Structure formats: structure tokens, C-alpha cells
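Asks: Fold the following, please.
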Amino acid sequence: MLRKDFIKINSLGLIGLSLLSFSALQSEFSKDDLMGKSDPILFGEGYKLRKEAHEAFLKMKTEALKSGFKIKVVSSYRNYAHQNRIWERKYKKFTSEGLSPTQAIQKIIEYSTIPGTSRHHWGTDIDIVDGNAPQPKGLLLEENFEGDGPFCRFKEWLDLHANSFGFYLVYTDDKDRKGFKYEPWHYSYAPLSIPMLRAYRKISIKAELQNVELLGAEFFSEKFIKKYVSQNILDINRYLF
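Replies: Model prediction:
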């Protein structure tokens, strides 16, 4: 599929589906599915994706190899417990370094999500690098994808081809975008993640976060939650709505 054709379909909110099937797809996702608390059927070796996303990924991987790039998945599906481990590790680290709880939370959400709010819960999103390039100690750093970075050419290839396989950058380098910082490695399979986001938006995130048992959750004020939803969850690539 050509990029311009995909974007045209996307702008109509169909992504190759009829209105009826699109509505049916949205209804298939439970709150537990969307918050990483279910046990979805996933596919992949060394990574986990939903069936449709996995099939599209394999096609993109095959095509990338023709240009000398071996797509390596650094992260894919993460359930709630996995995301909570990341949250607790960072929260303890930052508070032990002298940051206040609210400062630690702000530091965490520069790149990491609050458990239950991660797109990685959906089985549609991947963090990827070029496995054929030198592997720096810190793989997922912006500097590795620009200038003379080891993944610069790979990022150029993704800019040209990823959309044609349905994968879109989530957190772009748009200067007006807020929330999570630019992540040139994080891609989402739009034909699935768009209806999942629409279903997710029907959940009362405010109620979920106000009642969650997490380190630092007592500092999730109503103002903080409102800002987190509008900026961290929803201020993303416009082609993923």
C-alpha cells in the first residue's frame, strides 16, 4: 500500500475497514485488554504482537533486510505487571537520588508511562533498532538515530517505508507536541492501535488513576491526571487517531 493511499484511508477513519467492522473491532477490546491486565494471544519470537501487527511487521522486516537493515525489536507487548516493575524501579531510583515524589513522577513520565496507560499494553507497538549496526550501550537514545548515530540510516529508511506497512512513529519531533519526549524508535501499527485508542478513550482514566495502588499514586492530583491524559496519552502523531 502506498503511503499516500494509507493516509487517505486513515483520514476517513476507516483503515481499510467498513464502518460496521470498525465498530465491531472497537467493541472487541475490554478494559483489561487496554490496560494490560488480560492475556491476549500474541505472536513473535523474542517479541510479542497481536496477529495483524505481527504479520505486517514480518513484511516490513523482510523489506528492510533487502536494504541491509535487520530490524531488532527492543520492546513490544508489556503487561501491567511489567510496566509496574519499570515504574517502581524508576520511582525508587529517582527518590533515592533526592528528588521529591512529584519530581520523580515528572522525571519518569518524560519517557515511561504510568502502568495501565502504556500503548505497549496493546500488542501493537514496538521499539526498534537496526540489529546490523553497532549496538551502543544505551540503545534507545535520540542521538543514535540522527547525525552520525549508528541507527541514522535505518531511521531514514523507516521515514520512507514504515507507513506503507501500517507502522507510524508515535512520539514525533513536532516542536509543538507535549507529553513524552521524542522517541524515534517507537512505532505503532495504526490499523489496530487507532481503534484501540478510541476504545481506550472511553475508559475513565481519571477514576482508574485515582484508585490505583502504585508507588507515588497519592500524588496523582486531579490537575496532574488531566494534564497527563491530554499531553502524554493524546498528544501523539496525528495519523494515529
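
Asks: give me the low-pLDDT residue ranges for this protein?
Replies: Counting by pLDDT under 70, the chain has low-confidence residues at 1-27.

Asks: which residues in it form helices?
Replies: Per DSSP state H, the chain carries helices over the ranges 3-11, 19-27, 31-34, 51-66, 80-96, 101-108, 152-161, 190-200, 205-210, 222-227.

Asks: Check which helices and strands the last one sits against.
Replies: I take that to be helix 222-227. Applying 3 or more CB pairs under 8 Å, 6 or more residues apart in numbering; DSSP states H and E, one finds that helix 222-227 contacts helix 205-210. For the C-beta atoms, the positions are set from N, CA and C on the backbone; glycine is no exception.

Asks: and if you look at the third one?
Replies: With contacts defined as 3+ CB pairs under 8 Å, 6+ apart, helix 31-34 has these neighbours: helix 190-200.

Asks: Now do the helix it packs on: which elements does it pack against?
Replies: In terms of contacts (3+ CB pairs under 8 Å, 6+ apart), helix 190-200 is packed against helix 3-11, helix 19-27, helix 31-34, helix 51-66.

Asks: I'd like the helices of the chain laid out as CSV, including distance to residue 137.
Replies: What follows is those, written out as CSV (distance: least, CB to CB, whole Å):
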stretch, distance to residue 137
helix 3-11, 34
helix 19-27, 41
helix 31-34, 34
helix 51-66, 24
helix 80-96, 18
helix 101-108, 21
helix 152-161, 17
helix 190-200, 30
helix 205-210, 34
helix 222-227, 33
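
Asks: closest to residue 40 out of those helices?
Replies: helix 31-34 (6.4 Å; CB to CB).

Asks: buried sites along that closest one?
Replies: 33-34 (16 or more other CB atoms under 10 Å).

Asks: Contacts for that helix, please.
Replies: Defining contact as CB atoms under 8 Å, 6 or more residues apart in numbering, one finds that helix 31-34 is touched by 37-38, 40, 121-122, 196, 199-200, 203.

Asks: so which of the helices of the chain comes closest to residue 179?
Replies: Proximity to residue 179 (CB to CB) singles out helix 222-227 among the helices of the chain, at 8.9 Å.

Asks: Contacts for the closest one next, please.
Replies: 105, 205-206, 209-210.

Asks: between those residues, which is nearest residue 57?
Replies: Looking across the contacts of helix 222-227 and measuring by CB to CB, the closest to residue 57 is residue 205, at 28.0 Å.

Asks: residues contacting the closest one?
Replies: Residue 205 is in contact with 117, 225, 229, 233, counting by CB under 8 Å, 6+ apart.

Asks: For the contacts of helix 222-227, which single residue is the most surrounded?
Replies: residue 105 (24 neighbours; other CB atoms under 10 Å).

Asks: just checking, that one touches residue 221?
Replies: No. Applying CB atoms under 8 Å as the test, residue 105 and residue 221 come out as separate, 10.4 Å apart.

Asks: Just list the residues touching the closest residue to residue 91 other than its chain neighbours, thanks.
Replies: In space, and not counting its chain neighbours, residue 91 is closest to residue 215: 4.6 Å by CB to CB, 6 or more residues apart in numbering. Contacts for residue 215 were tallied using CB under 8 Å, 6+ apart; they are 87-88, 91-92.

Asks: Also residue 38?
Replies: For residue 38, the contact set (CB under 8 Å, 6+ apart) comprises 30, 32.

Asks: Appreciated, that's everything.
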